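> Sharing a sequence plus its predicted fold:
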Amino acid sequence: MRGKIKPLALLPALVLVGCVTLSGTYELKAYDNAGKPILTHTRMIAEGNGIYTVRNAICMTHPAATVTVTDVRTKQELASESPHRCR
């Protein structure tokens, strides 16, 4: 059995590769199909991986929304997660 890798031995490595660790403070904004802001009187802020909770809540209440995620400190959009089109 020398030289063979058991498939289950790779599972932890594959799980870790799929995880994204975010740190920082992010502002999430939602827009309708015409590009107009949806929640104009609400500021949505999330810490780290909390962006997924906020984004999912927005998508549940506004299924056609586009959500942007911006780093509060740098004012840069989070390229790996933004913009996100709800389904």
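Structure received.
> quick one: the longest helix along the chain to chain centroid distance?
The single longest helix within the chain, with elements called by DSSP state H, is helix 50-61. Distance of helix 50-61 from the chain centroid (Cα atoms, centre = their mean, to the nearest Å) equals 9 Å.
> So for that helix, mean pLDDT?
The pLDDT scores in helix 50-61 average 94.
> Give the buried residues for stretch 61-77.
62, 65-70 (16 or more other Cβ atoms under 10 Å). The C-beta positions use only the backbone N, C-alpha and C, and glycine is treated the same way.
> Okay, and which of those map to strands?
66-70 (DSSP state E).
> of the residues you listed, closest to A46?
V69 (8.2 Å; Cβ to Cβ).
> So what pairs up with the closest one in the strands?
Per DSSP bridges, the residues bridged to V69 are L28.
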